[in-house]
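Chemist: coordinates for the following, if possible.
(4 chains)
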2 protein chains.
Amino acid sequence: MDDALVFSALVLALSGQLVQEIHANVSQQGFEDLRPAHGFAFARISVGGATTADLAEHLGVTKQAAAQLVEELVRKGYVERHPHPHDARARLLGLTETGWAATRAADQAARAAVAPWREVLGEARFSELVADLTLLAPPGPIRPAW
Amino acid sequence: MDDALVFSALVLALSGQLVQEIHANVSQQGFEDLRPAHGFAFARISVGGATTADLAEHLGVTKQAAAQLVEELVRKGYVERHPHPHDARARLLGLTETGWAATRAADQAARAAVAPWREVLGEARFSELVADLTLLAPPGPIRPAW
DNA sequence: TCTAGATAGACAAGCGGCTTGACGAGTTAT
DNA sequence: ATAACTCGTCAAGCCGCTTGTCTATCTAGA
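Modeler: Okay, the predicted model is just below:
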């Protein structure tokens, strides 16, 4: 049974294609200064209540790396730092309007990337697929692959 | 319908977990000096007939990056360089016995990583899943995600 | 057969994203 | 009050990759 190998390869291939297509689409929508890894940061920041340290944990990197990422996103106008209401050390992160626009663009890009797959499988089979994958997916935040 | 987003997230999460588990398992089998990206190189080299330039194209990186990777794998004893029978410029790459052992370890690790999923879904549903993913998978080599 | 262009691989320099390490300012628990 | 911890920052360095350049070799066309 080396279904396992086939399966692994398929998941990897699919995931790679997904990232690549979404990134290309987002770029084409005018967000050329964003790279795939930024999406994972947006995902956490858009939820609200995130500090740089929270973001670091979410991404599975050091605080310094997260701070650097935040600095870049602030400089590019996607993220704002607000004073934290209860902690003078920390700063709350939030998306700017541009940040939200980028998030919407990514959402749309994801839909566009998945659409053909949905069509190939048919609606019913696609739903089953989503259900199956839901069973398999690990809990916790989604991080850049490795 | 934002199944699309859910689906994307699931595929990404699954792929990340897969890579991480396989890597951990391979490490535990004694190949601690291999990292996930090396697997993609082994995949091409094990087929045979690969030069450094071939490998570069397969991985989607520059020749220099591929050469550096090969150098590392040679130094660590996984890969050998042989003279090319028809081209004095090129050198054919091949796996050493250690390289083959690592490949087998990775195969086994993939099986181990997938096994629980197979169990969760049941054999029939798992086969369907593989079939569906096969329909969706892009052709061409599998590369490190991004 | 000679020559122009392409290709394999190596050498060098540099960049970007990440790490470890150390630190002051602020918070929390004892 | 004080000790331990945490947030964010500064600094230095590593590693995988890039661009740029070069020689040796192969290939196709006049």
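
Chemist: show me what contacts the closest residue to A:Gln29 other than its chain neighbours?
Modeler: Among residues not flanking A:Gln29 along the chain, A:Ala105 sits closest, at 4.4 Å (Cβ to Cβ, 6 or more residues apart in numbering or on different chains). All C-beta atoms are positioned from the backbone trio N, CA, C, and that covers glycine. By Cβ atoms under 8 Å, 6 or more residues apart in numbering or on different chains, the contact set of A:Ala105 is A:Asn25, A:Val26, A:Gln29, A:Gly30, A:Phe31.

Chemist: now, which of these lie within helices?
Modeler: A:Asn25, A:Val26 (DSSP state H).

Chemist: of the contacts of A:Ala105, grab the buried ones for PyMOL.
Modeler: This is how PyMOL selects the buried members of these, with burial counted by 16 or more other Cβ atoms under 10 Å in any protein chain shown:
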select buried, chain A and resi 25+26+29+31
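
Chemist: max pairwise distance over the contacts of A:Ala105: which two?
Modeler: Distances among these were taken as Cβ to Cβ; the most separated pair is A:Asn25 and A:Gly30, at 11.0 Å.

Chemist: hmm, who's touching stretch A:28-37?
Modeler: With contacts defined as Cβ under 8 Å, 6+ apart, stretch A:28-37 is touched by A:19, A:22-23, A:26-27, A:69, A:76, A:78, A:102, A:105, A:108-109, A:144, B:146.

Chemist: so which bits of it are buried?
Modeler: Using 16+ other Cβ under 10 Å as the test for burial, stretch A:28-37 gives A:Gln29, A:Phe31, A:Leu34, A:Pro36, A:Ala37.

Chemist: now distance to B:Leu136 and pLDDT too, for those residues, in TSV please.
Modeler: Converted to TSV, the buried residues of stretch A:28-37 look like this (distance: Cβ to Cβ, whole Å; pLDDT from 0 to 100):
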residue	distance to B:Leu136	pLDDT
A:Gln29	24	96
A:Phe31	26	96
A:Leu34	25	96
A:Pro36	19	93
A:Ala37	24	93
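
Chemist: buried subset of the contacts of stretch A:28-37?
Modeler: With burial judged by 16+ other Cβ under 10 Å, the buried subset of these is A:Val19, A:Ile22, A:His23, A:Val26, A:Leu69, A:Lys76, A:Tyr78, A:Ala102, A:Ala105, A:Ala109, A:Pro144.

Chemist: residues in contact with the second one?
Modeler: Contact partners of A:Ile22, counting by Cβ under 8 Å, 6+ apart, are A:Pro36, A:Gly39, A:Ala106, A:Ala109, A:Ala110, A:Ala113, B:Ser8.

Chemist: OK, contacts around the closest residue to it other than its chain neighbours?
Modeler: With Cβ to Cβ, 6+ apart as the criterion, A:Ile22 has its nearest non-adjacent residue at 4.4 Å, and that residue is A:Ala109. The contact partners of A:Ala109, by Cβ under 8 Å, 6+ apart, come to A:Glu21, A:Ile22, A:His23, A:Asn25, A:Val26, A:Gln29.

Chemist: the same query, at a cut-off of 7 Å, please.
Modeler: Residues in contact with A:Ala109 (Cβ atoms under 7 Å, 6 or more residues apart in numbering or on different chains) are A:Ile22, A:Asn25, A:Val26.

Chemist: how far away is it from A:Glu21?
Modeler: From A:Ala109 across to A:Glu21, the span is 7 Å (Cβ to Cβ, to the nearest Å).

Chemist: can you check A:Ala4 too?
Modeler: Using Cβ to Cβ, we find A:Ala4 at a distance of 26 Å from A:Glu21.

Chemist: list the buried residues in whichever strand or helix holds A:Glu72.
Modeler: Using DSSP states H and E, A:Glu72 sits in helix A:63-75. Residues of helix A:63-75 classed as buried: A:Ala66, A:Leu69, A:Val70, A:Glu72, A:Leu73 (neighbour count, 16+ other Cβ under 10 Å).
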